[in-house]
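Enquirer: Just need the structure, nothing else, for what follows:
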Amino acid sequence: MLKNIRISTRIAGGFGVILLMLALFAGLTWSQLHSLRDVSAEADNAEARAIIAADMDHGVGKATIAVGAYLEAPTEESGDAVIAAIQHVRALAVDLDALGSKNGAPMIALKDRHLAEAQVFIDLYQARNGLIARMQKTAIEHRRNIEQLQGLFEGRGARDDAYAAMAASNSLLVTRARVDRFLSGADVADFDEAQAPYEETQSQLQDIARRPIPDDARTLVTTALAGVTDYWTDATTLRELEVNVRQAVAAVEVTSKEAVALVEVIRETAGGLLAEADARFEEIMQTTIAAILGGVALAILIGMSIATILSRDLRRRLSQTVDQTRSLANGDLQVEIKGQDGRNELAELEQALGVFRQNAIDRRDLEEQARQAQDATAAARDTEARQQARVVRDIGAGLDRLSRGDLTEQIPNPISDPFPAGYDALREAFNTVVENLTGTVARITDVADQVRGGASEITSAAQDLASRAETQAATLEQSAAALTQMSASVTSTADRARQAEHASRQNRDIAQSSTEIVRDAVTAMRGIEASSDQITRIISVIDDIAFQTNLLALNAGVEAARAGEAGRGFAVVASEVRGLAQRASGSAREIKLLISESASQVKAGSALVGRTGDSLEQILVMAKEVSDQISAIALAANEQAIGLIEVNTGVNQLDQVTQQNAAVAEQANAAAASLQQRAEDLTQEISGSAARTSETLIPSPPSSPPAFSAMPMSSSAQTETTVRNTVIMAIATKDELDMIVSALSAYNHNTKYRALYEKLIRQQDQVYELAG
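Expert: Next comes the predicted model:
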């Protein structure tokens, strides 16, 4: 599956997986931190509830103490202190209800009732105290009146009246004592026991009033009797008021106890919530730590796996590519190009190498075909040369005999050594000429030999030129086609090599970009490592702060213990702060340990990423080497393509010139054939024909021209040149010689044909003279 994935896509995918995992870890960490924040808020809420519960407990106690202080000193300030203490607890209950406690509303209702009860109690107690003060004033005033009455009676010697006044005073005193005992907390029965002394006091005063006493004494008795009656009326009212006060105090105490019980419930609930929040905090911390450690380990494992897979695959494929490229560079075209399947950069490089190898094989095959064609051409030339040598030898021997005047022997064609088939028509023509000349050799030997010699010489030269030109044109055309194919193949090879060079450069750029990405990753890992060290230092500072807070809380607890009851609430707060500082210190130490482990793992990850960067550096070096090799191959292929294009251009020009030469040779051959026919007509006329034919019969030329130009000329043939020239001048027409001269003028640059051309020019001049 990896073979169809590009290298850049693999690297981007690998880093994308790691970044995705980091994003997931960040999301998980954010979620856990959000949960920790919620738990911390819950813990803060529970702690606030606990603190409020402690303050409420302290407030309830303070309210109870204020009630006791009011009972001891019922002043307006002490009453306000009771109301303020209860209102303070109610305000704490309102804060507790704002924190969402289900006990907040009941506590508010309880404190409202407590306030109402306390207000009733204070009002009743103030009325009681006012009534008591008035009763005490009345009792003291009228007891003094009774004592004054007793002194008045004693001063006047009325002992019985004095005794009765003293008894009334004692009874009033007993009444006051029993009433005061009731007011001091005794039962209502004690108050009821005070009625008898009161009645005795009233009876004794009434008895004294019924006696004959002085007016001043009667005034004192009347005043005392009214005052005692008023005292008892107030006492009766005070009895009911004292009962109500006691009920109000009991109600206040019951409400205070209910408040204390509810505060205890609130403290237990807050403590449970705080313990639950601590447990959840610890659970979330453990889960977060496990997730972070597992995520880091998984990210490191996946990163190592991705780096290992990519580096191993790239190293294997690049090593294979380098080996194959080196083999191709050394000329080993039998090497198998592996790894061409796929759509990644290395597969494209292997495909380019495959195309380069196939082009090299095609070029080698074309060279082999060209060599075979050259060998075949050389063999054909050798065969043709041997046949021409045989023809030249046999015809030369026949001509030699003819030059000596020997017409008795013809050119043989034995079965054991047959005459060349391509030149057999020439042999037969020669034998026919020999037979025809046998009867007329005596008369026209000189003329016939000259005409035939000149015609044969021109025909041989023209046909030889035409044959060679056609052969050369065909060979050059094949060579031009082969060179065109080879040029196209080499050009395609050069293009593929340039494409391979471009792909190799892209591969090198991608590898270099991957190296830069890995360097950035190493830098990022080092930044994470530095951040981990900084976090460790910050956590150490937090640990020190927690330790100092713990010491301060401990000292605060000691000072609160020394303060006794007044510092009890502060001691509770100090204890809670100390516990919180200890938990914060423990959490800071655990986080410090986890951060230290994470820093170690980050260092290991940084080292692995660094090793990955080194591997990519090596891959980049190998990619550069492959790119340089392919660049050299592309340059060589380009130079070969340019050289073959130049050779192809030259061969095409040579082919055009050869085609033109072949056309000119055909024209010369036709003119020579026409000239030969006229020579035969002249021979017939010389042989005594009665009338000249109106049209000239042109025999078919032989299929393969004999190479007369290469015949050795004997001395007798040279002596017959003048006769042949005379015959030619007699039979050649002006137009035919013009055609021959025009055809041979194209070959004036050739030494072989220049002499013939000059001789024809001279003959043309002579023919002009004869024609004139």
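Enquirer: only C-alpha atoms for contact and neighbour calcs from this point on.
Expert: Fine.
Enquirer: Now the residue with the largest distance to the centre of the chain. Its backbone dihedrals?
Expert: Within the chain, the residue lying farthest from the chain centre (Cα atoms, centre = their mean) is residue 157, at 129.3 Å. Per-residue torsions, residue 157: phi 80, psi 10 (degrees, to the nearest 10).
Enquirer: Equivalent analysis for the one 3 residues further on, please.
Expert: Summarising the backbone geometry of residue 160 under the convention degrees, to the nearest 10, its torsions are phi -60, psi -40.
Enquirer: Where do the helices of the protein begin and end?
Expert: 7-72, 76-98, 104-156, 159-183, 188-193, 195-210, 215-329, 345-403, 424-563, 568-686, 715-719, 721-731, 734-745, 751-771 (DSSP state H).
Enquirer: In space, what's closest to residue 152 - neighbours in sequence excluded?
Expert: Take residue 152 and drop its neighbours on the chain: the residue closest to it by Cα to Cα, 6 or more residues apart in numbering is residue 217, 7.2 Å away.
Enquirer: doesn't residue 149 make contact with that neighbour?
Expert: Yes. Residue 217 lies in contact with residue 149 (Cα atoms under 8 Å); the separation is 6.1 Å.
Enquirer: the more surrounded of those two?
Expert: residue 149 (25 against 20; other Cα atoms under 10 Å).
Enquirer: And the residue nearest to residue 280 when sequence neighbours are not counted, how close does it get to residue 277?
Expert: Leaving aside its sequence neighbours, residue 280 sits nearest to residue 39 (Cα to Cα, 6+ apart; 6.9 Å). Taking Cα to Cα, to the nearest Å as the measure, residue 39 falls 6 Å from residue 277.
Enquirer: before we move on, what about residue 57?
Expert: Taken as Cα to Cα, the span from residue 57 to residue 277 is 23 Å.
Enquirer: Near residue 360, how many other residues are there?
Expert: Residue 360 has 19 nearby residues by other Cα under 10 Å.
Enquirer: Need the pLDDT of it.
Expert: Residue 360 is assigned a predicted lDDT (pLDDT) of 79.
Enquirer: Name all residues that make contact with it.
Expert: Under the criterion of Cα atoms under 8 Å, 6 or more residues apart in numbering, the contact list for residue 360 reads 333, 493.
Enquirer: Start the count at 37 instead of 1 going forward.
Expert: Okay, using 37 as the starting number, the last item reads as residue 396.
Enquirer: Please report the distance of it from residue 146.
Expert: With Cα to Cα as the criterion, residue 396 and residue 146 are 105 Å apart.
Enquirer: again with residue 621
Expert: 40 Å.
Enquirer: In terms of neighbours, single out the busier of the two.
Expert: Neighbour comparison, residue 621 and residue 146: the larger count goes to residue 621, with 23 against 19 (by other Cα under 10 Å).
Enquirer: what's the pLDDT at that one?
Expert: pLDDT, residue 621: 72.
Enquirer: Walk me through the domains of this structure.
Expert: Domain assignment of the chain by automatic domain parsing yields the ranges 41-334, 381-767, 768-808.
Enquirer: what's the distance between residue 192 and residue 199?
Expert: For residue 192 relative to residue 199 (Cα to Cα), the value is 13 Å.
Enquirer: So which helix or strand of this structure has the lowest pLDDT on average?
Expert: Of all helical and strand segments in the chain, the minimum by mean pLDDT, DSSP states H and E falls on helix 751-755, at a mean of 39.
Enquirer: Surely residue 329 touches residue 635?
Expert: No. If you go by Cα under 8 Å, residue 329 and residue 635 don't touch, sitting 11.0 Å apart.
Enquirer: Comparing those two, which shows the higher neighbour count?
Expert: Shown here are residue 329 and residue 635; by other Cα under 10 Å, residue 635 has more neighbours (21 against 16).
Enquirer: Could I get the contacting residues of the more buried one?
Expert: 565, 568, 569.
Enquirer: Check residue 197 too.
Expert: Residue 197 neighbours (Cα under 8 Å, 6+ apart): 186, 189, 244.
Enquirer: What is the nearest of the residues you listed to residue 460?
Expert: residue 186 (204.9 Å; Cα to Cα).
Enquirer: need the contact list for the closest one.
Expert: 197, 198, 199, 201, 202.
Enquirer: Restrict the residues you listed to the buried ones and give me that as a PyMOL selection.
Expert: Of these, the buried ones go into a single PyMOL selection, burial set by 16 or more other Cα atoms under 10 Å:
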select buried, resi 197+198+201+202
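Enquirer: Would you mind putting the contacts of residue 186 into a markdown table with pLDDT alongside?
Expert: Compiled in a markdown table, those are given as follows (pLDDT from 0 to 100):
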| residue | pLDDT |
| --- | --- |
| 197 | 83 |
| 198 | 86 |
| 199 | 88 |
| 201 | 85 |
| 202 | 88 |
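Enquirer: What count of nearby residues applies to residue 152?
Expert: The burial count for residue 152: 14, using other Cα under 10 Å.
Enquirer: ok, it to residue 118 distance?
Expert: 12 Å.
Enquirer: again, but for residue 62
Expert: Taking Cα to Cα, one finds residue 62 at 56 Å from residue 118.
Enquirer: Out of the two, name the residue with the larger neighbour count.
Expert: The neighbour comparison of residue 62 against residue 118 (other Cα under 10 Å) goes to residue 118, with 25 against 13.
Enquirer: Look up how far residue 95 lies from that one.
Expert: 10 Å.
Enquirer: where does the stretch 287-436 of the chain have low pLDDT?
Expert: 375-380, 382-383 (pLDDT under 70).
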